[in-house]
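> Test case, fold it:
(one chain, ligands or ions: 1)
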Amino acid sequence: MQPVIKHFFHSASFTLTYVVSCPETKQCAIIDPALDFDIFSSHIDTSFAQEIIGYVKKQSLEVKWIMETHAHADHVTAASYLKKKLGGQLVCGRDVTSVQSTFKELFNFPDFKDDGSQFDLLVRDGESFDLGKLTFKVMSTPGHTPDSVTYVIGDHAFIGDTLFMPDSGSARCDFPDGSAALLYQSIQKIYQLDDNVKLYMCHDYQPNGREVAYYCTVAQQKAENIQICSNISEQAYIEKREQRDGKLAVPRLIYPSLQLNIRAGQLPGPESDNQYFLKTPIFGVENLN
Ligand SMILES: [Fe+2]
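You can find the predicted model right below:
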């Protein structure tokens, strides 16, 4: 039996969210849900999350899991909001604790618990958990971030930010504890899945204005990926990846995203005036001397 997979494209952040369901039991998992957050007005909105809620209700699905492939730096997660509205358990890779420690320090959150307790289930490489009559298997696939995991179910794999569509290459590796060498190894693990396994992207940046594309097979990636097809050496990949990362801009939503995503999308408490705030670190202060 294979799962039913429905994709949703969050165009503001080029993110793909998936609802994966067991056709027999109607249990479902929501993977990488995005919340709308406007950087300029600092305004949160649930329009995109409502699309997911609408689908889950229309299909009479029971949400069992709300899963993150990693702590995202380019969009805020709707995980906690969806848990409140639909139920389900929050899942992510156990090395989210490493991301939490890094950003606890950066944001100076002395009371923040960097033990993963904001999530219900922390998974490690080789573990599995059920979705109705189907099973998710976890592959640890770090490189973009230390906590990145791939979830495999039937002939389908949700690969987070590892590979993008073949015409777009692979994910950046310049975030804290990112590593092009680790990403190369993680992608080799993905390439060891059967050639016909379908790989589902976490993002599609629509190069040259093409239509959104969100999955392709392992065989296609191995043959066609512009940065990491099956015959590129590890050294050549690392050099190319690092060169490219040196030219990439910081994601617009990096500080709101990480501040909220290390909390599984929950807001830090309001201040005495009942207003909620986020922090922005300032770098280059020495330039004012
Ligand atoms: Fe990412």
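> CA atoms for contacts and neighbours, from now on please.
OK.
> The nearest residue to Y215 once chain neighbours are set aside: neighbour count?
Leaving aside its chain neighbours, Y215 sits nearest to Y200 (4.5 Å; criterion: Cα to Cα, 6 or more residues apart in numbering). Other residues lying near Y200 total 27 when counted by other Cα atoms under 10 Å.
> Show the model's pLDDT score for Y200.
At Y200, the model reports a pLDDT of 98.
> pretty sure it contacts Y214?
Yes - the pair Y200 / Y214 is scored as a contact, 5.8 Å apart, by Cα atoms under 8 Å.
> Could you pull up the mean pLDDT of stretch 95-105?
On average, stretch 95-105 scores 98.
> thinking again about what came up before, residues touching the residue nearest to Y215, list them.
Under the criterion of Cα atoms under 8 Å, 6 or more residues apart in numbering, the contact list for Y200 reads H156, A157, F158, I159, G160, Y214, Y215, C216.
> 7 Å instead?
The contact partners of Y200, by Cα atoms under 7 Å, 6 or more residues apart in numbering, come to A157, F158, I159, Y214, Y215.
> Then D45?
For D45, the contact set (Cα under 7 Å, 6+ apart) comprises L35, D36, F37.
> Which ones among the contacts of Y200 map onto helices?
Among the contacts of Y200, no member falls in helices (criterion: DSSP state H).
> Of the residues you listed, which is the most crowded?
Using other Cα under 10 Å as the neighbour test, the contacts of Y200 are led by I159, with 27 neighbours.
> how close does that residue get to A49?
Distance, I159 to A49, using Cα to Cα, to the nearest Å: 21 Å.
> Which parts of the stretch 1-150 of the chain are strands?
For the stretch 1-150 of the chain, the strands defined by DSSP state E, counting those that start in this stretch occupy 4-10, 15-21, 27-31, 34-38, 43-45, 62-67, 76-77, 89-93, 121-123, 128-131, 134-140, 149-153.
> Can you say which of these is packed in most?
Highest mean neighbour count among the strands of the stretch 1-150 of the chain (mean count of other Cα atoms under 10 Å): strand 76-77, with a mean of 28.
> Who is V123 paired with across the strands?
Beta-bridge pairing of V123 under DSSP bridges involves G93.
> from here on, count from 44
In the new count, where the first residue is 44, that last one comes out as V166.
> what about it, distance to N151?
V166 sits at a distance of 27 Å from N151 (criterion: Cα to Cα).
> can you check Q231 too?
For Q231, the distance to N151 - Cα to Cα - is 37 Å.
> Between the two, which has more neighbouring residues?
Each of Q231 and N151 has its neighbours counted (other Cα under 10 Å); Q231 has more, 17 against 12.
> where's that one, which helix or strand?
helix 223-234 (DSSP states H and E).
> in that helix, what's buried?
A223, A224, L225, L226, Y227, Q228, S229, I230, Q231, I233, Y234 (16 or more other Cα atoms under 10 Å).
> packing partners for that helix?
Secondary-structure packing of helix 223-234 (3 or more Cα pairs under 7 Å, 6 or more residues apart in numbering; DSSP states H and E): helix 277-288.
> Give me the mean pLDDT for the helix it packs on.
Here the average pLDDT along helix 277-288 is 96.
> Follow the chain on from that helix and name the next helix or strand.
Counting by DSSP H and E, what follows helix 277-288 is helix 297-304.
> chain center to that following helix: distance?
Relative to the mean C-alpha coordinate of its chain, helix 297-304 is positioned 13 Å out (Cα atoms, centre = their mean, to the nearest Å).
> Equivalent analysis for stretch 129-136, please.
Centre-to-centre, stretch 129-136 and its host chain are 13 Å apart (Cα atoms, centre = their mean).
> And for F155, nearest residue in space, chain neighbours not counted?
K147 (6.6 Å).
> Could you report the neighbour count for the one you found?
19.
> And the one 10 residues further on, by the same measure?
For D157, the neighbour count with other Cα under 10 Å is 20.
> Identify the residues contacting it.
Counted by Cα under 7 Å, 6+ apart, D157 has contacts T140, Q143, S144.
> Please repeat the previous calculation with a cut-off of 8 Å.
Counting by Cα under 8 Å, 6+ apart, D157 makes contact with T140, S141, Q143, S144, K147.
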